[in-house]
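Enquirer: Sequence plus the predicted model coming up.
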Amino acid sequence: MTVFEDRTRRCQSRLADAGADAAVLFPSTNLFYASGFREEPGERHLFLFVPSDGDPVFVAPQMYDEQIGDASWVADRRLWDDGEDPMALVGAVADELDLRGGRLLVDDRMWALFTQDLRETLPDATFGLASEVFDDLRVRKDEAELAALRAAGAVADEASVAVRELGEDAIGMTETELAGEIERLLAERGGGDLSFGTVVGSGPNGAKPHYRHGDREIERGDPVVLDFGAYVDDYPGDQTRTVVFAGDPPEEFERVHEVVREAQQAGVEAAEPGVPAEAVDRAAREVIEEAGYGDRFTHRTGHGVGLDVHEEPYVVAGNETELEPGMVFSVEPGVYLPGEFGVRIEDLVAVTEDGCERLNDSPRTWKPL
Ligand code: CO
């Protein structure tokens, strides 16, 4: 049995336990997780029906026949040609699997265009979200997944060290030029697609947590937030360092950087099996609050990482999910002073039997390497 079939079988027993009749997946990481077939969402109707019992069925455009056949263990493919009505095929599959009055869990990231078509074709069905069964399956990573996440962590670490070695040479580069350099370094070290838009937030731009990059030139003494990663073997890297390439940073920066570094360390130390995810947030946040910057830490401490770069478990107040070995998430506290600078330090960690393993270990100091 392939790893993908095994996952599907476990999904099916959870569907049955949840009182659902089928999951209906759309091109997404859930579809890849269960079938081994990966595709971007598009305007053509492409579904995988995973009934709670029996074998799954693809409904797909004819042009994907060979591609799905090569990539997936799912043998049953119902194909439609451009110009035909794909929902007629969906209706036939629903009849065969007895889903017309059933409870269907649709992919959380299915486009509304397609959920509307499902509702019209199956007016007597009731609908929920596939995350109800998939999140809990995906949240514990197996050894192969952990190996891929470690490899993506190593690529990000190596690129981080290499870009910091620019030192003086980075002064005068624009943020966009530096982002291009980071992306070249990631690719050179084996990184594939970017995990997300590379962040190079220099000076005041670093105070905007989700800023990407722009035409501001990096100056001597600028704190620069560098947050980036790339996929390796289908799993993403994600790490952040806040650095100074050359010159003396503002005085307050040194203090803030030390507070954030200590907060990040406290978060990592709090991560172990049996504690709720929110305890990691609390541990990091306490350090920042005690230093008087609590109101400048404007986001949760972290997010799970797997096939999606943001997934369960979220490291946030109110998340009482108990940490278990195999869970992977970021620990990334930050302090943001509008108009001045920002500081964020981020590593991914994997929960082990007795604590956690950092998947990133490049130097956390702001000082030039
Ligand atoms: Co992150």
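Expert: Done, it's in.
Enquirer: For the stretch 101-250 of the chain, list the residues in contact with the ion, please.
Expert: Contact residues, the stretch 101-250 of the chain versus the ion (Cβ under 5 Å from the ion): residue 238. Placement of C-beta: from N, CA and C, glycine included.
Enquirer: Would you enumerate the residues in contact with the closest residue to the ion within the stretch 101-250 of the chain?
Expert: Taking Cβ to the ion as the measure, the stretch 101-250 of the chain has residue 238 as its residue closest to the ion, at 4.2 Å. Taking Cβ atoms under 8 Å, 6 or more residues apart in numbering, we find residue 238 in contact with 156, 195, 196, 227, 228, 229, 305, 309, 330, 346, 348.
Enquirer: So it versus residue 282, what's the distance?
Expert: Between residue 238 and residue 282 the computed distance is 22 Å (Cβ to Cβ, to the nearest Å).
Enquirer: separation between residue 254 and the ion?
Expert: To the ion, residue 254 is 24 Å away according to Cβ to the ion, to the nearest Å.
Enquirer: part of a helix, is that residue?
Expert: Yes. Judged by DSSP: H, G, I helix; E, B strand; the rest coil, residue 254 forms part of a helix.
Enquirer: For the residue lying closest to it once chain neighbours are set aside, the count of nearby residues, please.
Expert: Residue nearest to residue 254 in three dimensions, not counting chain neighbours: residue 366, with 7.6 Å by Cβ to Cβ, 6 or more residues apart in numbering. The number of residues packed near residue 366 is 22, by other Cβ atoms under 10 Å.
Enquirer: one step back: who wins for neighbours among the contacts of residue 238?
Expert: Among the contacts of residue 238, residue 156 has the most neighbours (other Cβ under 10 Å), with 32 neighbours.
Enquirer: Would you confirm that it contacts residue 230?
Expert: Yes. With contact defined as Cβ atoms under 8 Å, residue 156 counts as touching residue 230 (7.1 Å).
Enquirer: can you list residues touching both of those two?
Expert: By the contact definition Cβ under 8 Å, 6+ apart, residue 156 and residue 230 are jointly contacted by 186, 191, 237.
Enquirer: In contact with the closest residue to the second one other than its chain neighbours, which residues are there?
Expert: Excluding the flanking residues, the one nearest residue 191 by Cβ to Cβ, 6+ apart is residue 230, at 2.8 Å. With contacts defined as Cβ under 8 Å, 6+ apart, the neighbours of residue 230 are 152, 155-156, 183, 186-187, 191-195, 236-237.
Enquirer: how does it look with 6 Å?
Expert: Residue 230 sits next to 186, 191, 192, 194, 195, 237 when contact means Cβ atoms under 6 Å, 6 or more residues apart in numbering.
Enquirer: How about the contacts made by the fifth one?
Expert: Right, residue 195. Residue 195 neighbours (Cβ under 6 Å, 6+ apart): 229, 230, 236, 237, 238, 309.
Enquirer: I'd like these as TSV, with pLDDT appended.
Expert: As requested, the contacts of residue 195 are exported to TSV (pLDDT from 0 to 100):
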residue	pLDDT
229	98
230	98
236	98
237	98
238	98
309	98
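Enquirer: Now compare these and name the two farthest from each other.
Expert: Comparing all pairs in the contacts of residue 195 by Cβ to Cβ, the longest separation belongs to 230 and 309, at 10.5 Å.
Enquirer: Geometric centre of this structure: which residue is closest?
Expert: For the chain, the residue nearest the mean C-alpha position is residue 309 (1.1 Å; Cα atoms, centre = their mean).
Enquirer: which stretch of helix or strand covers it?
Expert: Using DSSP states H and E, residue 309 maps to neither a helix nor a strand.
Enquirer: swap in residue 260?
Expert: Using DSSP H and E, the element containing residue 260 is helix 251-270.
Enquirer: Name the residues that touch that helix?
Expert: 223, 279-280, 283-284, 287-288, 291, 301, 331, 333, 335, 341, 343, 345, 349, 364, 366.
Enquirer: With adjacent residues omitted, what lies nearest to residue 55?
Expert: Distance criterion Cβ to Cβ, 6+ apart; nearest residue to residue 55, sequence neighbours excluded, is residue 76 at 5.9 Å.
Enquirer: Tally up the residues packed near that neighbour, please.
Expert: Each residue near residue 76 was counted by other Cβ under 10 Å, and the total is 14.
Enquirer: With the one 3 residues further on instead?
Expert: Counted by other Cβ under 10 Å, the residues lying close to residue 79 total 16.
Enquirer: before we move on, back to that, which ones among the contacts of residue 238 map onto strands?
Expert: 227, 228, 330, 348 (DSSP state E).
Enquirer: Mind putting these into JSON lines with pLDDT?
Expert: What follows is the ones in strands among the contacts of residue 238, written out as JSON lines (pLDDT from 0 to 100):
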{"residue": "227", "pLDDT": "98"}
{"residue": "228", "pLDDT": "98"}
{"residue": "330", "pLDDT": "98"}
{"residue": "348", "pLDDT": "98"}
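Enquirer: can I get those in TSV with distance to residue 264?
Expert: Listed next are the ones in strands among the contacts of residue 238 as TSV, based on distance: Cβ to Cβ, whole Å:
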residue	distance to residue 264
227	13
228	17
330	10
348	12
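Enquirer: quick one: contacts for the residue lying closest to residue 315 once chain neighbours are set aside?
Expert: Distance criterion Cβ to Cβ, 6+ apart; nearest residue to residue 315, sequence neighbours excluded, is residue 302 at 3.6 Å. Residues in contact with residue 302, defined by Cβ under 6 Å, 6+ apart, are 315, 329, 330, 331, 332.
Enquirer: Relative to residue 182, how far out is residue 96?
Expert: Between residue 96 and residue 182 the computed distance is 51 Å (Cβ to Cβ).
Enquirer: of the two, who's got more company?
Expert: Neighbour totals were compared for residue 96 and residue 182, and residue 182 leads with 25 against 14 (other Cβ under 10 Å).
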